[in-house]
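Student: Pasting the sequence and the predicted coordinates here, then a few questions.
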Amino acid sequence: MSAAAPLDRGGPAQPLLTVRGLVKHFAVKGSLFGAKAMVRAVDGVDFEILKGETLGVVGESGCGKSTTARLLMHLIEPDAGTLIFDGETVGDGGLTMREFRRQVQMVFQDSYASLNPRLTVEASIAFGPQVHGVQARQAVDRAHGLLDRVGLDPSRFAGRYPHELSGGQRQRVNIARALALQPRLLILDEAVSALDKSVEAQVLNLLLDLKEEFGLTYLFISHDLNVVRFMSDRVAVMYLGKMAEIGPAGAVFDKAAHPYSAALTRSMPSMDPDHRTEEAPIAGDPPNPINPPTGCRFHTRCTFAESVCSTRVPALDPVGPEGGPSHLAACLMHEPGSGHSKAEAS
Amino acid sequence: MLVYLTKRIVYTIPIVVGVSLVCFLLVHLAPGDPLVSVLPPDASEDLKQQLLIIYGFDRPYWEQFLRWVWRALHGDLGNSIASGRPVTTEVLRAVVNTLILATVATVIGFFFGLLFGFVGGYYRESWIDKTASALSVFGVSVPHYWLGMVLVIIFSSQLNWLPPTGAGPGGSGEWTPDWAHIRHLILPAITMSVIPMGIIARTIRALVADILSQDFVQAMRAKGLGERGVFLHVVKNAAPTALAVMGLQLGYLLGGSILIETVFSWPGTGFLLNAAIFQRDLPLLQGTILVLALFFVLLNLIVDLVQSLLDPRIQRS
Amino acid sequence: MALLRFGADAMPSAIESSEGYWASVWRRLRRDKVAMIAGAVVLALILMAVFAPYIVPADPFSGRMLRRLRPIGTEGYPLGSDELGRDMLSRLIYGARMSLLMGVTPVIIAFGLGSTLGIVAGYLGGWFNTIAMRTIDIFYAFPSVLLAVALSGALGAGLTNALVSLSVVFIPPIARVAESVTTQVRNRDYVEAARASGAPGFTIVRVHVLGNVLGPIFVYATSLISVSMILASGLSFLGLGVRPPEPEWGLMLNTLRTAIYTQPWVAALPGAMIFITSISFNLLSDGLRSAMDVKQ
């Protein structure tokens, strides 16, 4: 592996990663003789990550955000779906999984669990490059450089073990470890969620700096809407294993097209007391993903639900002229001729 | 709950099949011809062939196995080569004696184990706790066959208080609950009780200490619940585990009694096994081991079921 | 493979280095008085076994029939003599060789085979795990004493057969522990992260799994040595282990059984040796466990 920056082949207009029809169902143990039940964790998800952007992914716990991240890394084998990385299909004679994994790296939520307790910080960071053929010496040098870059003095931290570091320091190490392979896409799966608020802000700023410096693209998964808004260029909203809405951050947060996104963003604690909302965001818990509702999965909790919503599955389509072509939502109210009273007749 | 019970019972079936297979294969593991022990050394080739057919050793293994299992299901484990009597009869008679010894030993071990465990768990790091811990380490570390010998040396050979060997006066093999028989039972039962005592004491001590340190016990004390209430609470929470450990220990003692039975010439399954091994009486060996192993599997099953009935949170997989 | 060597040579000297895991275990173990005494006894027993020929006062194999069963403290027989007039002290010292060998070897073999099986099953999961673990459940259905006696009874007496039987007895428990620890480690994020770096399975197991599972499996295995000592000598006691005239504590206990009325305390000596060995291994293992049982 050369130390040169990874080649950008398709030019800035080509999406860095295109995800098509990603599906993962987990079998759960049912009753003794009954058929095995399936949890539809991710049930047909399509999206693109553009070069140089930060795509935020939000949704309640259990909506499939983290599963999607693990599916992208092939840490879990997807049941179906295609990944196209900068124009090249991943697997099937295209980009090898190994090469893809070098270009896409991930930072996990639990900073402690994601570091091997028996390895020193520098050994953890140097592991990836060594796997990809970098000599031990160079890999350690690179580890020191990265430690310095994430704000940890290598002469003090390189020889330490994870339990000797604070949560924020550990997460910096995890970021350095992910960057050691010189990836182009970094998946941040709730990467700052477990940190104290003050530390979180420092790490977020570090992430922004690193993005600039290394020309990175981020997939930023979090349940914290304020953080997502702060970080993201575009935002994807997931509900029960499906994409509910995706579009520019401003549009999704301020002019949400999907009732679920609207409810989510309304529930955001606002800094402005005049805009503080009193109404309950969304009623009830999300339905059981083992037997998700038919039709639109949100119809059981949606205030605009009509009978058609329980039978017809909405497609992820452009919201309309005012939203622009990049703002998509899966709601029958925005689907002309769907039969919903608020939809345009075709 | 019902699903768990059914599952647990169904899960036992492959274990039973596997255990039978291992017992069956034991005979074929033995070096040399399985007939060696039956045949006189100068047996003719003709006689050998005849016996091969009579014992079914000429058939393929799987057929032999199925026949063996089929007969075993009907209570027929073959005949002992040494005595010529049915293995089933011999084993059942011996099992009764072992069961008596193991049960008494478990009860003694359970009683003292609980006592030491509770006291140790309640008064942690006190001298009584340390003594109890030392006793439990002693219990699991002592070679019990040696302990048996030492007890015989002290109480039979030196003090002449108790009989050293046998289950009853005059080598009586049939156990009856009279004083003469009980005198014979004391030494082997005490020897045997040392292992479960150590293990139960260790388990209960950890359990009691854990329960006492839990938040809700602190809360109960804060609410003014008396020590009696706390104690009852601890008992209620420790009981399922204690019973489970006791059940398993009984199983281990039943299967592991061979050494102690040899020391005390106790006419149980261990003694039978010993005889079977040295007379190379393979049907007897096979049958005894099968019965003991199935006993153990059954006991495991019962322990699991009882435990899950007592404490629905525990549904071991 | 030059890959992944994190030796001191790769570390510039200016780097502050922290105390490694095993160094911290050793530091805590050293403070445990009971464990250190037990460890010293174990060490002494091992040295006694290794240097037995140089320290025995008399030939442990030749006896004089006229000086049978002498009591402890007899002139020339500090610990008495056995049923064939052989020096007990010399036989007890020599006995350490065979008894330790018989007690420790099965655990070492079972540690090698059992942890390999358990780690592979735990890391691979799936059908391999199911088959391996269900098979192991079958052996779990036999109490350990019964299984050891059954196997060596069927195989016939002898040192090799006894070692084989005992190894078979200890493989299932070690494999079970190895499997459950590995399954836990396999699902940790750092293993996921290593997979995400594109490392092949073998490298992940070597660098990230082994270091985190071998410790717990090792501690568990050491706790079995005590049981193994008792069982191994028990097999010899039953006449299923080594054969006479080999000095082995269990066998000596067996042949001296008839002497419990004439020289009871001499007859009890070999058992005391088994007990001392077994309890020392047990206490050392306990100490090791608590020294390693620190949230790191």
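Tutor: It's in.

Student: contacts and neighbour counts: CA atoms only from here.
Tutor: Noted.

Student: so where do the helices sit in chain A?
Tutor: For chain A, the helices defined by DSSP state H cover A:65-72, A:97-103, A:121-131, A:136-149, A:154-157, A:167-179, A:197-214, A:225-231, A:249-254, A:259-266.

Student: Next, see if stretch C:263-274 gets close to chain B.
Tutor: Yes: using Cα under 8 Å from any Cα of the partner chain, stretch C:263-274 reaches chain B at C:264, C:268, C:271, C:272, C:274.

Student: distance of the most centrally placed residue in chain B from chain C?
Tutor: Nearest to the mean C-alpha position of chain B, by Cα atoms, centre = their mean, lies residue B:254 at 2.2 Å. Using Cα to the nearest Cα, to the nearest Å, we find residue B:254 at a distance of 9 Å from chain C.

Student: which residues touch that residue?
Tutor: B:98, B:99, B:102, B:292, B:296 (Cα atoms under 8 Å, 6 or more residues apart in numbering or on different chains).

Student: Just say helix, strand or coil for it.
Tutor: What DSSP: H, G, I helix; E, B strand; the rest coil gives for residue B:254 is helix.

Student: what about residue 149, neighbour count?
Tutor: Answering for chain A, as no chain was given. Number of residues near residue A:149 (other Cα atoms under 10 Å in any protein chain shown) recorded here: 16.

Student: oops, I was thinking of chain C
Tutor: Residues near residue C:149, counting by other Cα under 10 Å: 30.

Student: element containing it?
Tutor: In the assignment (DSSP states H and E), residue C:149 maps to helix C:144-155.

Student: Just the mean pLDDT for the following helix or strand past that helix, thanks.
Tutor: As assigned by DSSP H and E, the chain's next helix or strand after helix C:144-155 is helix C:159-186. Helix C:159-186 carries an average pLDDT of 92.

Student: and what of stretch A:142-161?
Tutor: Rounded mean pLDDT across stretch A:142-161 is 91.

Student: That one and chain C in contact?
Tutor: Yes: against chain C, stretch A:142-161 shows contacts by Cα under 8 Å from any Cα at A:154, A:155, A:156, A:157, A:158, A:159, A:160, A:161.

Student: how far out from the middle of the chain is that stretch?
Tutor: How far stretch A:142-161 lies from its chain's middle: 27 Å, per Cα atoms, centre = their mean, to the nearest Å.

Student: any idea how far residue B:9 lies from residue A:196?
Tutor: Using Cα to Cα, to the nearest Å, residue B:9 is found at 49 Å from residue A:196.

Student: ditto for residue A:119
Tutor: Counting by Cα to Cα - residue A:119 and residue A:196 are separated by 25 Å.

Student: okay, those two: which has more neighbours?
Tutor: Between residue A:119 and residue A:196, residue A:119 has the larger neighbour count (other Cα under 10 Å), namely 22 against 11.

Student: Determine the number of other residues adjacent to residue B:226.
Tutor: Around residue B:226 there are 11 other residues, counting by other Cα under 10 Å.

Student: for residue C:161, that is, sorry about that
Tutor: Other residues within reach of residue C:161, judged by other Cα under 10 Å, total 19.

Student: now swap in residue C:260 and tell me
Tutor: 20.

Student: so it makes contact with residue B:157?
Tutor: Yes: Residue C:260 lies in contact with residue B:157 (Cα atoms under 8 Å); the separation is 7.3 Å.

Student: Return the residues in contact with residue A:191.
Tutor: Residues near residue A:191 by Cα under 8 Å, 6+ apart: A:107, A:108, A:109, A:110, A:111, A:171, A:221, A:222.

Student: so what's the backbone phi/psi at residue B:134?
Tutor: Main-chain dihedrals, residue B:134, degrees, to the nearest 10: phi -60, psi -40.
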